[in-house]
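Q: need a structure here:
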Amino acid sequence: MKFPDFYELAPVIPTRDPFAEMLGAAQDGMLEYSYVDAVRLAGHSCPTVAGAFLMGRAALAALYPEEPAERGAIAVHMPAPEHEGTTGVMAQVLTLLTGAAADNGFHGIQGRFRRKGLLSFAEQREGEAIIFKRLDTGTAVAVELDVSLVPGDPAQGGRLMAILQDRADASQRGAFADAWQARVRRLLLEFADDPRVFRVTPVAT
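A: All right, here's what the predicted structure looks like:
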């Protein structure tokens, strides 16, 4: 299986999952997530998938500045209904990183390791910030994504229309794919730590 080389250069997100440790799924419960994991989950790579991956990274670093985040001990609230726009795609990536699941998640064992209900969605649009909250301390942060600083190739619109209308040749298809991943690459490698792109704000609880 061949992915673009830059995927391996993207940040890696360390977490610790006590449930995984108990079941012997990972030594000491340590689980590291790379961008390739998010791509496999979503089945594609785009600024939305990369953005959600890095939003989760920013949130976990803010909530757990001294240690790996505790997967399964974080609640996530999406600021829009799950069927709106890219909300569902982003939520799936964040479930991967945090363990937070909607009503179809794991219900736990005797009150422990519960993931069900830790992921929630707004009934209507509440803004752009995703809220991440530690269950043990109640500490919460809001994370917003602004990809306007990572513009795409202005020729992409024309290429996309040609592809969707089945009139693109191999050169156009290749140029579209290359330009698409070039934007993802910049987001992952050049802007991952840019506070203008990933805005993290403490939330009073």
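
Q: looking at this, Val184 is in a helix?
A: Yes: per DSSP: H, G, I helix; E, B strand; the rest coil, Val184 lies within a helix segment.

Q: where do the helices sit along this protein?
A: Assigned by DSSP state H, the chain shows helices spanning 18-23, 35-42, 47-63, 87-98, 156-164, 170-189.

Q: Quick one: those helices as JSON lines, columns for mean neighbour count, mean pLDDT and distance to Arg112 too.
A: Every residue, glycine included, has its C-beta placed from N, CA and C. Below are these laid out as JSON lines (neighbours: other C-beta atoms under 10 Å; pLDDT from 0 to 100; distance: least, C-beta to C-beta, whole Å):
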{"stretch": "helix 18-23", "mean neighbour count": "15", "mean pLDDT": "93", "distance to Arg112": "8"}
{"stretch": "helix 35-42", "mean neighbour count": "19", "mean pLDDT": "97", "distance to Arg112": "25"}
{"stretch": "helix 47-63", "mean neighbour count": "23", "mean pLDDT": "98", "distance to Arg112": "20"}
{"stretch": "helix 87-98", "mean neighbour count": "21", "mean pLDDT": "97", "distance to Arg112": "17"}
{"stretch": "helix 156-164", "mean neighbour count": "13", "mean pLDDT": "93", "distance to Arg112": "48"}
{"stretch": "helix 170-189", "mean neighbour count": "16", "mean pLDDT": "95", "distance to Arg112": "35"}
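
Q: Take those and write them to TSV, including distance to Asn104.
A: As requested, the helices of the chain are arranged in TSV below (distance: least, C-beta to C-beta, whole Å):
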stretch	distance to Asn104
helix 18-23	17
helix 35-42	15
helix 47-63	19
helix 87-98	10
helix 156-164	33
helix 170-189	29
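
Q: if we compare those, which one ends up closest to Thr139?
A: Across the helices of the chain, the minimum distance to Thr139, taken as C-beta to C-beta, is reached by helix 47-63, at 5.9 Å.

Q: one step back: quick one: which of the helices of the chain is nearest Phe198?
A: Closest approach to Phe198 among the helices of the chain (C-beta to C-beta): helix 47-63, 4.5 Å.

Q: residues making contact with that closest one?
A: With contact meaning C-beta atoms under 8 Å, 6 or more residues apart in numbering, helix 47-63 is reached by 10-11, 13, 15, 33, 35, 38-39, 42, 69, 74, 86, 89-90, 93-94, 97-98, 130, 132, 134, 139-141, 143, 145, 147, 150, 152, 183-184, 187-188, 192, 198, 200, 202.

Q: do you know how far Ala140 is from Met90?
A: Separation of Ala140 from Met90 (C-beta to C-beta, to the nearest Å): 18 Å.

Q: Let me fix that, I meant to ask about Leu23.
A: Separation of Leu23 from Met90 (C-beta to C-beta) stands at 28 Å.

Q: ditto for Val197
A: The value you get for Val197 to Met90, if C-beta to C-beta is used, is 15 Å.

Q: got it, and Leu54?
A: In terms of C-beta to C-beta, Leu54 sits 11 Å off from Met90.

Q: Contacts only, for the closest residue to Glu70 other than its chain neighbours.
A: Leaving aside its chain neighbours, Glu70 sits nearest to Arg16 (5.7 Å; criterion: C-beta to C-beta, 6 or more residues apart in numbering). Applying C-beta under 8 Å, 6+ apart to Arg16 gives the contacts Asp28, Gly29, Met30, Leu31, Glu67, Pro68, Ala69, Glu70, Arg71.
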